[in-house]
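In: what shape does this take:
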Amino acid sequence: MTKIIFKRKLVKNKASLQVIVPKEIVDALNLEKGDTLAITLEEDAFVCRKLPS
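Out: Residues are numbered from 1 along each chain as shown. Just a heads-up that it's a prediction; the model follows:
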């Protein structure tokens, strides 16, 4: 898979922070509303992976 790099700012949503996933990544991973993502911390990065339904 091609490496795609985007810059996004964190936004405040009540007591949490969120980041908007770019459409290009949503399309490439076939993400849909309600999908479950595994989020892991790897050194200085967090990694999101789509979990099987």
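In: ok, residue 18 touching residue 11?
Out: Yes. If you go by Cβ atoms under 8 Å, residue 18 and residue 11 touch, sitting 5.7 Å apart. C-beta coordinates here come from the backbone N, C-alpha and C atoms, glycine included.
In: which residue ranges of the chain form helices?
Out: 23-28 (DSSP state H).
In: could you check the pLDDT of the closest residue to residue 19 other than its chain neighbours?
Out: Of all residues not flanking residue 19 in the chain, residue 8 sits nearest, at 5.0 Å (Cβ to Cβ, 6 or more residues apart in numbering). On the pLDDT scale, residue 8 is placed at 93.
In: tell me, how many residues neighbour residue 8?
Out: 10 (other Cβ atoms under 10 Å).
In: contact partners for it?
Out: 19, 20, 22 (Cβ atoms under 8 Å, 6 or more residues apart in numbering).
In: for those residues, which one is nearest residue 45?
Out: Lowest distance from residue 45 to the contacts of residue 8 (Cβ to Cβ) belongs to residue 19, with 12.6 Å.
In: what's around that closest one, how many residues?
Out: 12.
In: list the contacts of it.
Out: Per Cβ under 8 Å, 6+ apart, neighbours of residue 19: 8, 9, 10, 11.
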